[in-house]
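Student: The sequence and its predicted three-dimensional model are supplied below.
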Amino acid sequence: MATDERVNEDSRGRNETFEEKLDRNWNDLLQELRVMQTGAQIITAFLMTLPFQSRFQDLAPYQVGLYIALLVLSALMTGLILTPVAIHRRLFGLHLKEATVAQGHRIVKIAVLGIGLLATCCVAFIVDVIAGDVLALAIGGGVLLVMVFLLWILPRVLQHGLSSGKAGAED
């Protein structure tokens, strides 16, 4: 099939070429990255200001260690979110959009879970500083369970349900 021929992607009758589909998928990935980038930047900015607060000197050594781990994770998540853009810049014009979209998709899946972990650990850290480690473990554990449900389990349940409903509708 020639690359400029129109193809139907799904049962809704989307009529686009393979290249148009790749462009649409890339634009969808960029929108998702923009949402994550904002969250990652806010968390990173928050973490970067903490050492300049007067109470920072009162942290226990394990809290300083947790803070450093959060700061590093935050920087790594920021870098990970920027990676698809760096890949796109490097591969731009080489007619490798399919590989760019595929790698971007993989990276976004990892980044979603990483941002969820980062937010969870920030909550646990803050609760630990203001209320102690027992409450931090309880609340952090609860937030972790909710994050796992929202970011891992729910999308799979919805995918399975929608796939099953689609298969049933075609019978």
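Tutor: Cool, the structure landed. What you see is a predicted model, and the numbers here were worked out from it, not measured in a lab.

Student: all helices of this structure, in order?
Tutor: Counting by DSSP state H, the chain has helices at residues 18-49, 61-91, 97-131, 133-148, 154-170.

Student: Point out the most buried one among these.
Tutor: Greatest average neighbour count among these goes to helix 97-131 (a mean of 18), per mean count of other Cβ atoms under 10 Å. The way it works is simple: take the backbone N, C-alpha and C, and place the C-beta from them, glycine included.

Student: Compare the helices of the chain and report which one is nearest to Arg55.
Tutor: Comparison of these against Arg55 by Cβ to Cβ identifies helix 97-131 as nearest, at 7.7 Å.

Student: relative to helix 61-91, how tilted is the closest one?
Tutor: Following axes from the mean of the first three to the mean of the last three Cα atoms, to 10 degrees, one obtains 160 degrees for the angle between helix 97-131 and helix 61-91.

Student: what's near enough to touch the residue nearest to Gln103 when sequence neighbours are not counted?
Tutor: Spatial nearest neighbour of Gln103, chain neighbours left out: Ile87 (5.6 Å); criterion: Cβ to Cβ, 6 or more residues apart in numbering. With contact set as Cβ atoms under 8 Å, 6 or more residues apart in numbering, Ile87 has these partners: Thr100, Gln103, Gly104.

Student: Ile87 and Asp58, how far apart?
Tutor: 43 Å (Cβ to Cβ, to the nearest Å).

Student: Excluding residues flanking it in the chain, which one is nearest the residue nearest to the spatial centre of the chain?
Tutor: Centroid-nearest residue in the chain, with Cα atoms, centre = their mean: Val112, separated by 2.0 Å. Spatial nearest neighbour of Val112, chain neighbours left out: Leu151 (5.6 Å); criterion: Cβ to Cβ, 6+ apart.

Student: so how far is Gln41 from that neighbour?
Tutor: Distance from Leu151 to Gln41, counting by Cβ to Cβ: 19 Å.

Student: Show the model's pLDDT score for the residue nearest to Val112.
Tutor: For Leu151, the pLDDT comes out at 94.

Student: burial of it, as a residue count?
Tutor: Neighbourhood size, Leu151 [other Cβ atoms under 10 Å]: 17.

Student: pretty sure it contacts Gly116?
Tutor: Yes: look at Leu151 against Gly116 with Cβ atoms under 8 Å: they come within range, at 4.6 Å.
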